[in-house]
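Peer 1: Need a 3D model of the following:
(chains A and B)
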There are 2 protein chains.
Amino acid sequence: MGEEIKVLQFGLGPIGNKVTQYIAGRAYLEIVGGIDIDPDKVGKDVGELAGLDPVGAIVTDDAGKLLGESDAEAVVLTTTSSLESIKPQVLEIVEQKKNVISTCEELSYPWITGPEISKEIDEAARANGVTVLGTGINPGFLMDALPVALSGVCREVKSVLVERIQDAQYRRIPFQKKIGAGLTTEGFARKKEEGTLRHVGLTESIHMIASSLGWTLDKTEDIIEPIIADQTTSTDAMTIKEGDARGVCQTGRGWMNGEEVVTLVFRAAIAEPDPRDRIFISGTPDIDSTIKGGVNGDIATCAITVNAIAPTVKARPGLLTMTDMPTVCALV
Amino acid sequence: MGEEIKVLQFGLGPIGNKVTQYIAGRAYLEIVGGIDIDPDKVGKDVGELAGLDPVGAIVTDDAGKLLGESDAEAVVLTTTSSLESIKPQVLEIVEQKKNVISTCEELSYPWITGPEISKEIDEAARANGVTVLGTGINPGFLMDALPVALSGVCREVKSVLVERIQDAQYRRIPFQKKIGAGLTTEGFARKKEEGTLRHVGLTESIHMIASSLGWTLDKTEDIIEPIIADQTTSTDAMTIKEGDARGVCQTGRGWMNGEEVVTLVFRAAIAEPDPRDRIFISGTPDIDSTIKGGVNGDIATCAITVNAIAPTVKARPGLLTMTDMPTVCALV
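Peer 2: This is a model prediction of the structure:
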């Protein structure tokens, strides 16, 4: 690989800390600084925050100062899911001529949902000769970039269906709570109203697929529904009564010329049968691809983020999406 | 897409003709010429050779003249599996500043098996500002680029197994003969000796995987064995006696530090059960991905070749492999 790539960690929540752990396993990557606004984290070593030995990189809350002084080439940005909120952070990093690899879901394919912000980020990135990439397992790979890649073997594609089905039974408790498990239907409706149940990114995934295939969509839809327990179910963390929610089903749909051509189904629930990541392309030929058991989202999001660092640093300048990139892989 | 991409077809065998058909279905591609040395094809219309209406492009055997005069941006090169044989054709095209998309199996990842030719082609392509890509379903995607892409979600990869299992029962008769179906074990051994049984590309696929993951292999292996019928089996085309070959099993292996880390199994036989394309990555996490029924090779090779034309024309100059490319997909 030649020289090490120096990386700053911007955002030191659970994802940021796991990214730190994964970077520590890659000889060609080195963490040289951390940024977080949490006073409990400022002044601490980025390695120690991640449960590792110190790496000699101390967390600061002064992003501008660190970005201006550091010779890092890349910043892993894990602060928010929102394109609008992340924009000033991305621009600040880009102006310091550093590449951005972000888990921000809305940055994964922002060209349709946020065309002006996309253009602004793209122009700033080009002007500064750096690359901005939004990535992650979903959005970023399983429900968008991977089906797009599989379409490469097709003469024709009529429609794309992706199912990401997860049994939350053995996932961490915050995840079980996040998907609404154990809530009454009223509680579920309230949480949905608050917006905290929503998996961010289905719309971005639909647009990535459609744009890649040259499709102009009439409209998209993103619907959240509870999955209701038809019997009482217990996990280590909770008991779910019959009639209460055992999880969430979120469905994204994209229409072209009045027909549904993209369907993304994301189900995560306690005791959900047959967990899998399935892609079905109706076309010539049909492609019916299934990852048995599904891909663990916690590991995979951090892995693909870390795996994307080196290719992003080498990629052409601009705001890129996963389909613009050379293949992101587990380079050791 | 803006303007149409003008394409020359170099090699008008079965693959070249099918590529012509697929190009005809893409509004942004236009065939403007054909090259073949077969006197039966010279002077004929490329469209008519493919069973279509005439496209106004006449086949010539004077490659140099057509390449020099044509304003085509891309040449689809489907003449040979051999890197050494294709080299002069690639260089001739590149010197006329045209991009090359080829189904030549040995061109799919030639960096390890033919480093000098690779360097020569790469330098010529860069000097002329064009891109050279070897692609196809296998090698080029199912047994190399796709497993590499799937590794992107892994923190760590210990080994990669790919199984491409095909039931040849319903494939065209030349394919059934090609895989040695119906031969006695002596006949199979003779055909293997002649070299006509060999599926070209397993070694290239092994190297694409290993190089992408940053692995330096000790050695590779490519073994061809008959699959023996344990009972008499009849197809429309032939009867296979018990004890004779019903097809071929070809296994590619790559070792690193004395351990087998890449295993590619290509089985094609009459009445082969459970046809599939399976990728198993042993790592963190394990990834076990299967395309049900497997991907039809005849369609897919031509589809991915046609799908690769536009991205190759746009890609950076040089000799690229499928993992260097932005995602190749079924753009309409």
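
Peer 1: Would you map the helices across the stretch 51-200 of chain A?
Peer 2: Secondary structure of the stretch 51-200 of chain A (DSSP state H, counting those that start in this stretch): helices at A:63-69, A:83-95, A:115-128, A:145-150, A:173-178, A:185-194.

Peer 1: For the first one, enumerate the helices and strands it packs against.
Peer 2: Using 3 or more C-beta pairs under 8 Å, 6 or more residues apart in numbering or on different chains; DSSP states H and E, the elements in contact with helix A:63-69 are strand A:5-10, strand A:29-35, helix A:83-95. Heads up, the C-betas are built off the backbone N, CA and C, glycines and all.

Peer 1: now the last one
Peer 2: The helices and strands touching helix A:185-194, judged by 3+ C-beta pairs under 8 Å, 6+ apart, are strand A:219-228, strand A:245-256.

Peer 1: now do 7 Å
Peer 2: For helix A:185-194, the packing partners by 3 or more C-beta pairs under 7 Å, 6 or more residues apart in numbering or on different chains; DSSP states H and E come out as strand A:219-228.

Peer 1: can you tell which of the helices and strands packed on helix A:63-69 is closest to chain B?
Peer 2: Taking C-beta to the nearest C-beta, strand A:29-35 is the member of these nearest to chain B, at 12.3 Å.

Peer 1: what's the domain layout of chain A?
Peer 2: A:5-136+A:299-324, A:145-294 (automatic domain parsing).

Peer 1: burial count for A:Thr196?
Peer 2: Number of residues near A:Thr196 (other C-beta atoms under 10 Å in any protein chain shown) recorded here: 11.

Peer 1: try A:Ile15
Peer 2: A:Ile15, neighbours per other C-beta under 10 Å, totals 18.

Peer 1: thinking again about what came up before, of the helices of the stretch 51-200 of chain A, which shows the lowest average pLDDT?
Peer 2: Ranked on mean pLDDT, the bottom entry among the helices of the stretch 51-200 of chain A is helix A:173-178, at a mean of 86.

Peer 1: List the buried residues of that helix.
Peer 2: By 16 or more other C-beta atoms under 10 Å in any protein chain shown, the buried positions in helix A:173-178 come out as A:176-178.

Peer 1: Rebuild these as JSON lines, extending it with distance to chain B.
Peer 2: Listed next are the buried residues of helix A:173-178 as JSON lines, based on distance: C-beta to the nearest C-beta, whole Å:
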{"residue": "A:Gln176", "distance to chain B": "19"}
{"residue": "A:Lys177", "distance to chain B": "23"}
{"residue": "A:Lys178", "distance to chain B": "20"}
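
Peer 1: Out of these, which comes closest to A:Ile209?
Peer 2: A:Lys178 (25.1 Å; C-beta to C-beta).

Peer 1: if I look at that closest one, how far off is A:Ala168?
Peer 2: 9 Å (C-beta to C-beta, to the nearest Å).

Peer 1: Ok, A:Tyr22 next?
Peer 2: 23 Å.

Peer 1: Among these two, which residue is more densely surrounded?
Peer 2: Between A:Tyr22 and A:Ala168, counted using other C-beta under 10 Å, A:Ala168 has the larger neighbour count: 26 against 21.

Peer 1: what's in contact with the lowest-mean-pLDDT helix or strand in chain A?
Peer 2: In chain A, no helix or strand scores lower on mean pLDDT, DSSP states H and E than helix A:173-178, which sits at a mean of 86. Applying C-beta atoms under 7 Å, 6 or more residues apart in numbering or on different chains, the contact partners of helix A:173-178 are A:168, A:235, A:237-238, A:270.

Peer 1: now stretch A:319-328
Peer 2: Taking C-beta under 7 Å, 6+ apart as the rule, stretch A:319-328 contacts A:108-109, A:118, A:121-122, A:125, A:131-135, A:140-141, A:145, A:148, A:208, A:212, A:304, A:307-308, A:311, A:315, B:145, B:148-149, B:152, B:212, B:323-327.

Peer 1: If A:Val75 is in a bridge, with which residues?
Peer 2: A:Leu8, A:Val100 (DSSP bridges).

Peer 1: Go ahead and confirm it touches A:Ser102.
Peer 2: No: the criterion here is C-beta atoms under 7 Å, and A:Val75 misses it with A:Ser102 at 8.4 Å.

Peer 1: Specify the angle between the longest helix seen in chain A and strand A:29-35 in degrees.
Peer 2: For chain A, the longest helix by residue count, based on DSSP state H, is helix A:297-314. Helix A:297-314 runs at 100 degrees relative to strand A:29-35, counting by axes from the mean of the first three to the mean of the last three C-alpha atoms, to 10 degrees.
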